[in-house]
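Q: Quick check, what structure comes out for this input:
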Amino acid sequence: MNNKTSGFLWNLRQFSTLIPTSRRRIVKLVDPLGFCRPKIVYPNWNPRKLFPKDFDDRMQPSVRYLFQNALIFKSRDHCFQTEDISSVTVSTVDRLLCPRRLSSDSKHSSVSVSTSDDGLKKNFPQEVSNDDVLIKDAKPSSGKLFQEYNSLSDVLDVFSKAPTFPSSNYFVAMWKIAKRMSEDQKCFEKQLMFSHPAFKQLCEQMMREAKIMHCDHLLFSLHAMVKLGIPQNTLLVQTLLRVVQERINECDEKCLSVLSTLLEAMEPCKNVDVLRAGLRILVDQQVWKIEHVFTLQSMMKCIGKDAPIALKKKLEMKALRELDRFSVLNSQHMFEVLAAMNHRSLVLLNECSKMVIDNIHGCPFKMLHSILQSCKDLRYRNINLFKGIADYVATTFDIWKLKKVLLLLILFETFGFRHTGLLDLFMKKVVDEPKFLDVKSTVAVLHVYSSLNHFNRCHNKEFLDIMAAVLTGYLYQISSENLLNAVCSLCLMNYFPLAAVNQLLQKDIISELLTSGNVERNVFKLRLLDTCLELDDTPYHKSTDISLPPVPAAPAHPHAKVEEVLSSLLGGEGYFSKNVHLPHNYHIDFEIRMDTNRSQVLPFSDVDMVSSAADTQRVAILCVRRSSYCLDSTHPRGLLAMKMRHLNVMGFHVILVNTWEIEKLEMEDAVTFLKTKIYSTEALHTADVDLQSTY
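A: This next block holds a predicted model:
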């Protein structure tokens, strides 16, 4: 028996199980010349009889019934509104109404899927979405409609003239056509689709056929409906979700891939949550049988952040086994996949980072941004990856829009990564073309440069002047919180624009900042502003009269190893003081007193505390964490640089001790290290590089 005949008989058996024996009479079975396109008509067909008798008794609210008098929907992109929709519920089908052959038997399937990685590398560009892959997968049955027609209404016209099985072909064809439209055209076409007389008939036929069509047809059509903007809470979509739940055991690898992509595109609801749980069970059972990397990644992305850790580990092990088969695209997508399941696999991330770096040229912006965003979500810092991306953007700087580069700089700042070449290029571009800066961009640029404490001696003064001028131009349309953020960023860089500061210090703006938004953060920044205005060389000669809440006591951070080293080096605790609190809410870990040549440490007595002899040098020892520096460097970030600047103003010489380094040293080595720091006659090596001078 040939494949077409066997497929026809299989479909016939499935239809016969749905019709009561007394009514199991088929008026017309199939056109003898078209076995793959059977035209089936049932007498006295009533789709409501497919559901249990207590259908109306088991109602759930908030589900719109597609087949009432008005067929008007609310699209996902809000192109049109819903009117006159009555609500009913989705039926709860407790059992399968007919036996089915597993969809892994591809003889009878009119959809053929190929998601091999070789195919991806040959047929897809570097930037490709799951939808693009599914369009390639959902081929022959809807291909003719897709190729011959250019509008959704045309497909519905074809259906109304001669409906054919399966109706999924029409939904998939409309989805393919919509994908190639512009957003405005797509919005208009969707309105026409929902108002088309045949759309109701197509939805009804889809409801009838859902129980008997192949699983891959069912999933492709459901995915197409979601992408076409059919509301998720309609009876059509919810019923298909219920049918998929019943038939989930029929899913082969191809169907699981489509189901994963489908669930990722849907909003949470009871039926979606149940399907996701079922998918997790199937993935757990079949993970070692998955053949294609794309399918594996789709499943990993879909299982969610709250999946059991054992399942995440199992999927990680499977991905590690497939590393040799990873394409460049697979490696790029793995960052987003791991972020979606909230699983920080350092081995996978490191290996994928190497492939991304080696193939960075030609990588689109969207992928670069996705990789960095995923690294942020996973708290993954790879200096080689960041440097590779930044080098690539700096090399190709002229082809990028400045706002796109700024988005990458914002992400780099969250890691504390300071790429001097890229920052210098961007700074010069801002000086040359400041017109691209709007309010949001201005605040973001100031935050990035102040946080990373980056400045360029050739362009810094001009850069700050331009940024202050742009900020001044937006003073009457900027929010109070954004104004505070911008002014504080400039203060960190030791720059004080009069117009912006005067505007910020207005009583009504201060009152607003102290009563709305993130009050705790606003208070911290207002305190920072007050300190800068008093200690730095500014046009303001006295502190502002800002009434701020009292400062909470700073928690003590004991540094036992450093204290022990100081005691051994200096000859006892009498030569240093610990946990010293200074004006303006500053705190230093240890203070010692030395002669002006910094050759001898003086005893620390009560007399010394009150004396202000000109022949003594106060030395502040700050125990610094790694996060106070820029990534993989000893360049202090904005707040630390400002503190060092202010301590210098207060008469201190500042010594930085890296806590993670001192903890690794043996006592003898630690004493030698600190001795070199304390008795050095050179000025602080970062003074000329890391602390910005006053303009």
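Q: which residues touch Ile248?
A: 259, 275, 278-279, 282 (C-beta atoms under 8 Å, 6 or more residues apart in numbering). In this view, the C-beta of every residue, glycine as well, is placed from N, C-alpha and C.
Q: Now for Val443, how many residues are close by?
A: 22 (other C-beta atoms under 10 Å).
Q: That one against Val487, yeah?
A: No. Between Val443 and Val487 there is no contact under C-beta atoms under 8 Å: 10.1 Å.
Q: Show me the shaky parts of this structure.
A: 1-147, 540-546, 551-556, 605-614, 681-695 (pLDDT under 70).
Q: Just say helix, strand or coil for the residue positioned nearest the centre of it.
A: Closest to where the C-alpha atoms of the chain average out (C-alpha atoms, centre = their mean) is Gln373, at 5.1 Å. Three-state call for Gln373 (DSSP: H, G, I helix; E, B strand; the rest coil): helix.
Q: quick one, what contacts it?
A: By C-beta under 8 Å, 6+ apart, the residues touching Gln373 are 339, 411.
Q: Could you rerun that using 7 Å?
A: Residues near Gln373 by C-beta atoms under 7 Å, 6 or more residues apart in numbering: Leu411.
Q: where's it relative to Lys312, distance?
A: Per C-beta to C-beta, to the nearest Å, Gln373 is found 20 Å from Lys312.
Q: try Leu408
A: Applying C-beta to C-beta, the value for Leu408 to Lys312 is 29 Å.
Q: For the contacts of Ile248, which single residue is the most surrounded?
A: Leu259 (27 neighbours).
Q: unless I'm mixing things up, that one is touching Cys251, no?
A: Yes. Assessed by C-beta atoms under 7 Å, Leu259 is found in contact with Cys251 at 6.2 Å.
Q: neighbours around Asp537, how many?
A: Using other C-beta under 10 Å, Asp537 is surrounded by 10 other residues.
Q: My error: substitute Ser511 in the last question.
A: Counted with other C-beta under 10 Å, the neighbours of Ser511 add up to 12.
Q: Likewise for the one 4 residues further on?
A: Thr515 is surrounded by 9 other residues when neighbours are defined as other C-beta under 10 Å.
Q: helix, strand or coil for it?
A: Classification of Thr515 using three-state DSSP returns coil.
Q: do you know how far it is from Met493?
A: 28 Å.
Q: Name all residues that make contact with Lys301.
A: The contact partners of Lys301, taken as C-beta under 7 Å, 6+ apart, are 260, 264, 337, 340-341.
Q: switch to 8 Å and redo it
A: Neighbours of Lys301 in contact, by C-beta under 8 Å, 6+ apart: 260, 264, 336-337, 340-341.
Q: same thing with Ser260?
A: Contacts for Ser260 (C-beta under 8 Å, 6+ apart) come out as 279, 295, 298-299, 301-302.
Q: just Glu564 next, same as before
A: By C-beta under 8 Å, 6+ apart, the contact list for Glu564 reads Met667.
Q: That one: which element?
A: Glu564 is part of helix 560-570, with elements assigned from DSSP states H and E.
Q: Next secondary structure after that helix?
A: Heading C-terminal from helix 560-570, the first helix or strand you meet, by DSSP H and E, is strand 577-582.
Q: Confirm that Met213 sits in a helix.
A: No. Secondary structure of Met213 (three-state DSSP): coil, not part of a helix.
Q: Please name the nearest non-neighbouring residue to Arg527.
A: Leaving aside its chain neighbours, Arg527 sits nearest to Leu548 (5.9 Å; criterion: C-beta to C-beta, 6 or more residues apart in numbering).
Q: Equivalent analysis for Leu152, please.
A: Distance criterion C-beta to C-beta, 6+ apart; nearest residue to Leu152, sequence neighbours excluded, is Met193 at 4.3 Å.
Q: okay, now the domains of this structure?
A: Under the assignment automatic domain parsing, the domains of the chain span 3-45, 123-325, 381-535, 560-690.
Q: chain center to the last one: distance?
A: Going by C-alpha atoms, centre = their mean, to the nearest Å, the spacing between the C-alpha centre of domain 560-690 and its chain's C-alpha centre is 41 Å.
Q: Number of residues surrounding Cys215?
A: Cys215: 26 neighbours (other C-beta under 10 Å).
Q: typo on my end, Leu228
A: Residues near Leu228, counting by other C-beta under 10 Å: 21.
Q: Surely it touches Ala178?
A: Yes. Counting by C-beta under 8 Å, Leu228 does reach Ala178; the two are 6.2 Å apart.
Q: can you list residues touching both of the two?
A: Common contacts of Leu228 and Ala178 (C-beta under 8 Å, 6+ apart): 152, 190.
Q: which residues sit against whichever strand or helix holds Val445?
A: Assigned by DSSP H and E, Val445 falls within helix 439-451. Under the criterion C-beta under 8 Å, 6+ apart, residues 403, 406, 409-410, 412-413, 423, 427, 430, 437, 454-455, 463, 467, 470-471, 474, 477-478, 482, 485-486, 488-490, 492-493, 637-638 lie in contact with helix 439-451.
Q: Those residues in helices, which ones?
A: 403, 406, 409-410, 412-413, 423, 427, 430, 463, 467, 470-471, 482, 485-486, 488-490, 492, 638 (DSSP state H).
Q: Out of those, which end up buried?
A: Buried members of those, counted by 16 or more other C-beta atoms under 10 Å: 406, 409-410, 412-413, 423, 427, 430, 463, 467, 470-471, 482, 485-486, 488-490, 492, 638.
Q: I'd like to know which of the contacts of Lys301 is nearest to Asp184.
A: Nearest to Asp184 among the contacts of Lys301 is Glu264, at 26.0 Å by C-beta to C-beta.
Q: need the contact list for the closest residue to that closest one other than its chain neighbours.
A: Excluding its sequence neighbours, the residue lying closest to Glu264 (C-beta to C-beta, 6+ apart) is Cys302, at 5.2 Å. The contact partners of Cys302, by C-beta under 8 Å, 6+ apart, come to 259-261, 263-264, 276, 279, 340.
Q: Could you do Trp175 as well?
A: With contact taken as C-beta under 8 Å, 6+ apart, Trp175 is in contact with 135, 223-224, 227-228.
Q: Quick check on Glu534: phi, psi?
A: As for Glu534, its main-chain torsions (degrees, to the nearest 10) stand at phi -90, psi -40.
Q: For the protein, which segments count as strands?
A: Per DSSP state E, the chain carries strands over the ranges 63-64, 87-88, 577-582, 586-595, 601-602, 616-624, 652-658.
Q: Identify whichever of the ones you listed lies nearest to Thr531.
A: strand 586-595 (8.2 Å).
Q: and that closest one, which residues are buried?
A: Using 16+ other C-beta under 10 Å as the test for burial, strand 586-595 gives 586, 588-594.
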